[in-house]
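> here's my sequence, what's the structure:
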Amino acid sequence: MSKPVKVKNQKERIQRAMPTKKEDKEILEQVGHSISIAEAMNECLWLGDKNHKTIYVNPVYEKTSGYSLKECIGKPADFCFDEESKKTITQHHKLRDKGIASQYEATMVSKTGKKTPLLISGAPTKKGGTIGIFINLTKVKKLSRHEKLSEQIIRNTSEAIVALNKKSRITMWSNGAKKIFGYNEKEVLNKKLSNLVIPKQEKERNKSLIDQVEEKNYIKYVEGKRITKTGKIIDVIISVTKVTDEKYNFIGYLVIYRDVTDQKKINTELQKRFEAIQDAYKELGLQKRQNDYLYEIIERSASEDTLENLTKLIVSASCMLTKCDGAVLRLHDKENNRLKLYSSVGVSDKWLTKNSIFFENSLAKETCENKRPLIIQNLTHSEKHQGTKLAAAHGFTTLILIPLIVNDKILGSLSLYATDPGKFRLIETDFLERFGKQCSIAIFAKAFWLFHPKRKHKKIKNTLIQQNKKAGINISK
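As a prediction, this is how the structure comes out:
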């Protein structure tokens, strides 16, 4: 709400603006009382002669249009209006010539180009001139005198609009409020709004909102919960404004509620769908990474590269795909029935003190006999693990042990360690089995390559792919 334009000496201002023509002076003197009324209303006032030329405008008109009184005098009534409004003004001036008052809407264009919608009430004067009072339509709260416009806005809106007096009792209850909360206007008039629509769990928060309104004069778009006549809790967006009269005296509150219950349900459902899509993309990305590593292992196993480099690739791929903190690959020495450390990552040189461990009665033998990965959630409780103290020194608490077997031939084992059991929570057993089979086939193939160096790379690679398919592993590149 804009502050009224203050004029220290209204009579002196009118005297300075007094026209030289006798008839114009008479017009101005005749409407002096109307000028004072317009000033009190803080609305624009325009005064014209019988030819509809400007002879006076008040300070509010000057402020709204951007033109001074001096600039306005002598100008046509429509000089600062848009083209469409000029046509309307011309039509209504014809009524003035017949002594008829009228009311219409027009758009003023200020000196800076700002457009202001106005409701113009024009009437002829006894001396042949015209007086017009322009009400700024952008100030909706000042249109309470125009009941039809206000009622139409309230009737057509889907939002709940509630007017309260100074004691926070309901004085107006819109159709939107009836639809949202279930009460008709007769049920709620002169009752406290807080006793009707605010649930117990929101009482304290509502006091805080009232404090904010008192401090700032308004709150906008605050989320909250309200209760309907049937006891249903709904989600709403709340806006509250303190209402004052023309003299800035506090007269009550205007409260607007927008029901967003269905919207929040839709948003929640959309969020769930979005998360599901994101999870699907992550899964596709993970599957692609898995296939990329598995394909690279095939390539390396059928190449002239060494077995040591192949095993290094396997332990690196294990860490990348499972997010484990350490990985150790051991190969079976059948002659001595021991497991020898061949490659590792994420462990210190102290692990070399366990360079060779017994295969008999070991966890590796157990998992090879079962032909499936073994998961130990707490290593400190495992009697068969041959490096409990070493694992504890690294902070490892959880172990996944993958058997490396091809056609019942034991090749070794792959140990994956984690400091946090949660790291392995989302790893699927099926993937571990497929990965173990692929690594076993790759190691077996590398040995085959070493003993048959004259075999061509492509033929070995195709043989490996066929073995993979038989093992349930389908990799394409």
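> for this protein, where's the lowest mean pLDDT among helices and strands?
Every helix and strand in the chain was compared by mean pLDDT, DSSP states H and E; the lowest is helix 457-470, with a mean of 50.
> what helix or strand does Leu254 sit in?
Using DSSP states H and E, Leu254 sits in strand 250-259.
> next SSE downstream of that strand?
helix 261-301.
> which element follows that next one toward the C-terminus?
The element immediately downstream of helix 261-301 (helix or strand, assigned by DSSP H and E) is helix 307-322.
> so for that following helix, what gets flagged as buried?
Buried residues in helix 307-322, counted by 16 or more other C-beta atoms under 10 Å: Leu307, Leu310, Thr311, Lys312, Leu313, Ile314, Val315, Ala317, Ser318, Cys319, Leu321, Thr322. Bear in mind the C-beta positions are built from the backbone N, C-alpha and C, glycine included.
> now the fourth one: closest residue in space, sequence neighbours ignored.
This points to Lys312. Of all residues not flanking Lys312 in the chain, Ser343 sits nearest, at 4.8 Å (C-beta to C-beta, 6 or more residues apart in numbering).
> which residues pair with the one you found across the strands?
Beta-bridge partners for Ser343, by DSSP bridges, are Leu329.
> that one contacts Gly326, doesn't it?
No: using C-beta atoms under 8 Å, Ser343 is not in contact with Gly326; the gap is 11.8 Å.
> ok, the two, which is more surrounded?
Gly326 (23 against 20; other C-beta atoms under 10 Å).
> so what's that one up against?
Neighbouring residues of Gly326 by C-beta atoms under 8 Å, 6 or more residues apart in numbering: Cys319, Ser344, Val345, Gly346, Val347, His394, Phe396, Leu416, Tyr417.
> can you lay out the residues you listed as JSON lines showing secondary structure and distance to Val406?
Below are those laid out as JSON lines (DSSP: H, G, I helix; E, B strand; the rest coil; distance: C-beta to C-beta, whole Å):
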{"residue": "Cys319", "secondary structure": "helix", "distance to Val406": "23"}
{"residue": "Ser344", "secondary structure": "strand", "distance to Val406": "22"}
{"residue": "Val345", "secondary structure": "strand", "distance to Val406": "23"}
{"residue": "Gly346", "secondary structure": "coil", "distance to Val406": "26"}
{"residue": "Val347", "secondary structure": "coil", "distance to Val406": "26"}
{"residue": "His394", "secondary structure": "coil", "distance to Val406": "30"}
{"residue": "Phe396", "secondary structure": "coil", "distance to Val406": "28"}
{"residue": "Leu416", "secondary structure": "strand", "distance to Val406": "20"}
{"residue": "Tyr417", "secondary structure": "strand", "distance to Val406": "25"}
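> which ones are touching Glu308?
Glu308 neighbours (C-beta under 8 Å, 6+ apart): Tyr342, Ser343.
> check Asp245 too.
So, once contact is read as C-beta under 8 Å, 6+ apart, Asp245 ends up touching Ile251.
> against Arg205, how distant is it?
Distance, Asp245 to Arg205, using C-beta to C-beta, to the nearest Å: 30 Å.
> ditto for Gln263
Distance, Gln263 to Arg205, using C-beta to C-beta: 21 Å.
> again, but for Arg273
Per C-beta to C-beta, Arg273 is found 31 Å from Arg205.
> between those two, which has more neighbouring residues?
The neighbour count for Arg273 versus Arg205, taken as other C-beta under 10 Å, is higher for Arg205 (13 against 10).
> wait, isn't the more buried one in contact with Glu223?
No: with contact defined as C-beta under 8 Å, Arg205 does not count as touching Glu223 (10.5 Å).
> which stretches of the protein have low pLDDT?
1-41, 139-156, 274, 276-286, 448-477 (pLDDT under 70).
> could you list the domains of it?
Split into domains by automatic domain parsing, the chain comes to 10-138, 147-259, 288-470.
> how about stretch 431-448: buried residues?
Within stretch 431-448, the residues scored as buried using 16+ other C-beta under 10 Å are 432-446, 448.
> now do stretch 189-209
Quick answer for stretch 189-209 (16+ other C-beta under 10 Å): Leu193, Leu196, Val197, Ile198, Glu202, Asn206, Leu209.
> inside helices: which ones of those residues?
Among the buried residues of stretch 189-209, DSSP state H puts Leu193, Leu196, Val197, Asn206, Leu209 in helices.
> in those residues, find the pair that's most separated.
Using C-beta to C-beta, the pair of those lying farthest apart is Leu196 and Leu209, separated by 16.0 Å.
> ok, what's across the strand from Ile233?
Beta-bridge partners of Ile233, counted by DSSP bridges, are Ile227.
> that one: what's it in contact with?
Residues in contact with Ile233 (C-beta under 8 Å, 6+ apart) are Pro199, Lys225, Arg226, Ile227.
> from what I see, the first one and Ile227 are in contact.
Spelled out, it's Pro199. Yes: applying C-beta under 8 Å as the test, Pro199 and Ile227 come out as touching, 4.4 Å apart.
> give me the buried entries from the contacts of Ile233.
The buried subset of these - by 16+ other C-beta under 10 Å - is Lys225, Arg226, Ile227.
> as a markdown table, those residues with distance to Glu269 would be great.
Formatted as a markdown table, the buried ones among the contacts of Ile233 follow (distance: C-beta to C-beta, whole Å):
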| residue | distance to Glu269 |
| --- | --- |
| Lys225 | 19 |
| Arg226 | 22 |
| Ile227 | 24 |
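> nearest to Lys53, of those?
Lys53 has its nearest neighbour among these in Arg226, at 56.9 Å by C-beta to C-beta.
> distance to Phe134 for the ones in helices among the buried residues of stretch 189-209 - can I get that in JSON lines?
Converted to JSON lines, those look like this (distance: C-beta to C-beta, whole Å):
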{"residue": "Leu193", "distance to Phe134": "36"}
{"residue": "Leu196", "distance to Phe134": "40"}
{"residue": "Val197", "distance to Phe134": "39"}
{"residue": "Asn206", "distance to Phe134": "40"}
{"residue": "Leu209", "distance to Phe134": "37"}
